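> Based on what follows, work out the 3D shape:
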Amino acid sequence: MNAATPKTIPDYLDQLRHALRGADPALVQDALYDAEEYLRSELADNPGTDEATLLANIATTYGAPEEVADIYRDTEVQVSKALSPPPKPAQRSALGGFFGVVTDARAWTALFYMLLSMATGIVYFTVVVTGLSLSAGLAVLIIGIPFVILFLGVVRLLSLVEGRLVEVMLGERMPRRPLYAERGLPLMTRIGRMFTDPRTWTTMLYMLLMLPLGIVYFTVAVTLLSVSLGLIAAFVVALAEILGIGMLDVDWYVTLPAMWELPLLLLVGVLGLFLTLHLAKLVGWLHGTLAKHLLVKTAQHA
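The predicted structure follows:
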């Protein structure tokens, strides 16, 4: 049984949200934003037209909420296939699965995210701490309200940027549109809803957490890569010295590893690189889950 024809834009959005129940929250956010943007634009382009009449006409062009929901679900499947990295070659053994991580593009992008996270964490932490401090200090002044609005806008923009990084590098579906808002409401009501929206505060929490997490990610990634590559480099240099190639040019005494130690250096170094990629992939999955829970609005009305 089809739902009643929506009479207002909020009714249309509620029906669209209901039709998308069970879908990825990021997809729901994108669909709601696109729908409201289109409906508000049509309403502005047709001044004097009754909202209910306009929505009835739009049902034949933009589509009824159920039709739009089906289109978004189908498009999501196609886009996900297009954006997904090439599938890994099938591995028939545990050993092949372990070493096959080197061909997994998601492991490499997750490793790069770990290296990048300290820089982004510093930016996010600085913005949130500075914004909250100045908002509290300017609260008694007239300029306080515009500053708070600007601050919350910057936070939402950074949330969208971080979402794109998470989706591209970690593979977790994140919103591609800003968080939609009912633009027909009075300004102060909209501001109040920004403050009472739990997602505003969980987004700030995420940005504060990104500094310690970024430091840990960066430290672990750099340490593991340095140790692994250092052991491999030590094997190459020591082997060259033993063979008389003379890659070292030093004026002090250098103790070279024994011949029996060389295979151990190479083995530990190579295994360290593969373990680093597996760890990066695990961290990417865990962090993507954290970002999804803190940055994406999950509340949906039935």
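> wait, doesn't Thr200 sit right on Met194?
Yes - assessed by Cβ atoms under 8 Å, Thr200 is found in contact with Met194 at 5.7 Å. C-beta coordinates here come from the backbone N, C-alpha and C atoms, glycine included.
> joint contacts of those two?
With contacts defined as Cβ atoms under 8 Å, 6 or more residues apart in numbering, the residues adjacent to both Thr200 and Met194 are Leu152.
> my guess is Leu111 contacts Ala280, does it?
Yes - look at Leu111 against Ala280 with Cβ under 8 Å: they come within range, at 3.9 Å.
> Looking at these two, which has the bigger crowd around it?
Between Leu111 and Ala280, Ala280 has the larger neighbour count (other Cβ atoms under 10 Å), namely 28 against 22.
> buried residues in the helix or strand containing that one?
Taking DSSP states H and E as the criterion, the element that holds Ala280 is helix 261-295. Using 16 or more other Cβ atoms under 10 Å as the test for burial, helix 261-295 gives 262, 265-266, 269, 272-274, 276-277, 279-281, 283-284, 287-288, 290-292, 294-295.
> thinking again about what came up before, overlap in contacts, Leu111 and Ala280.
Counting by Cβ under 8 Å, 6+ apart, the residues touching both Leu111 and Ala280 are Ala221.
> Near the closest residue to Val268 other than its chain neighbours, how many other residues are there?
Computed as Cβ to Cβ, 6 or more residues apart in numbering, the closest residue to Val268 that is not its neighbour in sequence is Leu231, at 5.5 Å. Neighbour count for Leu231, taken as other Cβ under 10 Å: 20.
> so the helix or strand hosting Leu231 versus helix 261-295, what angle?
Element membership for Leu231, per DSSP H and E: helix 198-242. Our comparison of helix 198-242 with helix 261-295, counting by axes from the mean of the first three to the mean of the last three Cα atoms, to 10 degrees, yields an angle of 170 degrees.
> just use 37 as the starting number from now, easier for me
Happy to do that; since the first residue is 37 now, the last one works out to helix 234-278.
> List the buried residues in stretch 163-180.
Of all the residues in stretch 163-180, those buried under the rule 16+ other Cβ under 10 Å are Val163, Val164, Gly167, Ser171, Leu174.
> would you turn those residues into TSV with distance to Leu249?
Rendered in TSV, the data for these read as follows (distance: Cβ to Cβ, whole Å):
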residue	distance to Leu249
Val163	16
Val164	14
Gly167	20
Ser171	24
Leu174	30
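> ok, so of these, who is nearest Arg212?
Ranked by distance to Arg212 (Cβ to Cβ), the buried residues of stretch 163-180 are led by Val163 at 21.6 Å.
> picking that back up, export the buried residues of stretch 163-180 as TSV, with columns for pLDDT and secondary structure.
What follows is those, written out as TSV (pLDDT from 0 to 100; DSSP: H, G, I helix; E, B strand; the rest coil):
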residue	pLDDT	secondary structure
Val163	95	helix
Val164	95	helix
Gly167	92	helix
Ser171	86	helix
Leu174	83	coil
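> For the least confident helix or strand in the chain by mean pLDDT, enumerate the helices and strands it packs against.
Lowest on mean pLDDT, DSSP states H and E among the helices and strands of the chain sits helix 223-232, with a mean of 72. Using 3 or more Cβ pairs under 8 Å, 6 or more residues apart in numbering; DSSP states H and E as the contact test, the elements touching helix 223-232 are helix 180-206.
> what's the angle between the helix it packs on and helix 297-331?
Going by the same axes, to 10 degrees, helix 180-206 makes 140 degrees with helix 297-331.
> Mind listing what's buried along helix 180-206?
For helix 180-206, a neighbour-count test (16+ other Cβ under 10 Å) marks 183-184, 187-188, 191-192, 194-196, 198-199, 201-203, 205-206 as buried.
> And for stretch 265-277?
If you call a residue buried by 16+ other Cβ under 10 Å, then stretch 265-277 has these buried ones: Leu267, Ile268, Ala270, Phe271, Val272, Val273, Ala274, Leu275.
> show me the contacts for Ser116.
With contacts defined as Cβ under 8 Å, 6+ apart, Ser116 is in contact with Arg209.
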